[in-house]
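>>> Return atomic coordinates for the entry below.
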Amino acid sequence: MKQLALQSEAYRYIVRSFGEWLAVTGYSGQTVYQLPIYIQELLYYAESKGYSGLWQLNNDLLLEHYERLKKRPNQRRGGGLSNSYLNKHQEAYKKFTEYLRHSGKMTLPLIDLSTEDEEHRITAIITPSEIEQLYEVTRFPYEPVKSDRGLPYYEAMQFRDRAMLTVFYGCGLRRNEGHHLDISDIHFDKALLHVRKGKNYKERFVPLTDGAMKHLQEYLYDGRPYFLGAKNEAFFITQTGRRLGGAMMLLRLQKLIELTDHAELMEKDVHLHTLRHSIATHLLGNGMALERIAAFLGHSSLESTQIYTHYLQTLQTKKYDSELSQVP
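Take a look at the predicted model:
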């Protein structure tokens, strides 16, 4: 959502000051950029109610704004706002409350909100043929910028994009797990990927297929050196050598989707987690045991994995109903 212009000078100052506090406290550049935008949206809502002073903020206002967010349509893709987006607003509220307290400006009680469940909500699934199209578009030139190091910019991006699809679809990693992946976590000699920073600090090893090994090796040895501007153990890095953030990975995925020019795929609400949901659904549909899928995904219980059984049943029911409707 675009940044909304605030009329109150006090509100404009507090947004700037909040961002500076996040930077000084040591938060990532992405957090420093995003969270003040969410607070600016909150303060814009406060102004719409006739509030213009910091002293008028309270938890009732925060909760009211949050409930409006939960009902607000997604302006880009339709449907509701994703649970991930809502959780980012929750994080912004909590950090903003902490900032107000630490800076001595005011004290707000900790807001009582339950984290929205991201793991158990399937908004879309990418079909196997659509996955093939995503890989296929990385075979054609895009963003053709030449380098004095001999490798066209788009080739390095192709290697990285294929590796990204491999990690999130082929290996089923969560967004945060892919973000924290280091070079040393990939054991080519054993065909294993080590997830060190899994959910709830749970580690696991993910087997690598020959195809996955090929894509990861191509990026690591041919594409990644092009980006490297400084020594960094991160597997996914930017062209300046910094660890690639989840938001940028999502932008890359969305660009690949646009390049396919596939109408049905472009209409889907696709996120990095969609790739994880997709591989789990495909594995289950191909007959893999639920226990093995749970281990592959790093689920603590089968209850989390059973959502894919329910989702497949729903898809099969819809297909059956569709076929019945075509019977003369």
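
>>> Find the helix or strand that the spatially closest residue to Glu91 that is not a sequence neighbour is a member of.
Nearest non-adjacent residue to Glu91, counting by CB to CB, 6 or more residues apart in numbering: Leu35, 6.9 Å away. All C-beta spots, glycine's among them, are computed from the backbone N, C-alpha and C. Under the assignment given by DSSP states H and E, the secondary-structure element containing Leu35 is helix 29-48.

>>> mean confidence for that helix?
Helix 29-48 shows an average pLDDT of 89 in the prediction.

>>> In contact with the residue nearest to Glu91, which residues?
The contact partners of Leu35, taken as CB atoms under 8 Å, 6 or more residues apart in numbering, are Phe18, Gly19, Leu22, Tyr27, Lys88, Glu91, Ala92, Lys95, Phe96.

>>> okay, now the third one: neighbour count?
Right, Leu22. Using other CB atoms under 10 Å as the criterion, Leu22 is surrounded by 23 other residues.

>>> for the fourth one, same thing?
Burial of Tyr27 is recorded as 16 neighbouring residues (other CB under 10 Å).

>>> Can I take it that it is in a strand?
No. Counting by DSSP: H, G, I helix; E, B strand; the rest coil, Tyr27 is not found in a strand; it is coil.

>>> residues contacting it?
Leu35, Lys95.

>>> could you check the angle helix 29-48 makes with the host helix or strand of Tyr66?
Counting by DSSP H and E, the element that carries Tyr66 is helix 59-71. Orientation check (axes from the mean of the first three to the mean of the last three CA atoms, to 10 degrees): helix 59-71 against helix 29-48 gives 110 degrees.

>>> Which stretches in the protein count as helices?
Taking DSSP state H, the helices of the chain run over residues 9-25, 29-48, 59-71, 83-102, 128-137, 153-165, 175-179, 210-218, 224-227, 246-260, 263-267, 272-285, 290-297, 302-325.

>>> quick one, which of those helices is nearest to Leu193?
Comparing those against Leu193 with CB to CB, the closest turns out to be helix 210-218 (8.1 Å).

>>> now that closest one: mean pLDDT?
Model confidence over helix 210-218 averages 97 on the pLDDT scale.

>>> for stretch 155-173, same thing?
Mean pLDDT, taken over the full extent of stretch 155-173, equals 95.

>>> cool, stretch 187-203 as well?
The average of the pLDDT scores along stretch 187-203 is 87.

>>> Also stretch 72-83?
Across stretch 72-83, the per-residue pLDDT values average to 64.

>>> Next: stretch 124-141.
Rounded mean pLDDT across stretch 124-141 is 92.

>>> Quote the end-to-end distance of it.
Taking CA to CA, to the nearest Å, the span from the opening residue of stretch 124-141 to its closing residue is 28 Å.

>>> Pull out the buried positions in that stretch.
By 16 or more other CB atoms under 10 Å, the buried positions in stretch 124-141 come out as Ala124, Ile125, Ile126, Glu130, Ile131, Gln133, Leu134, Tyr135, Val137, Thr138.
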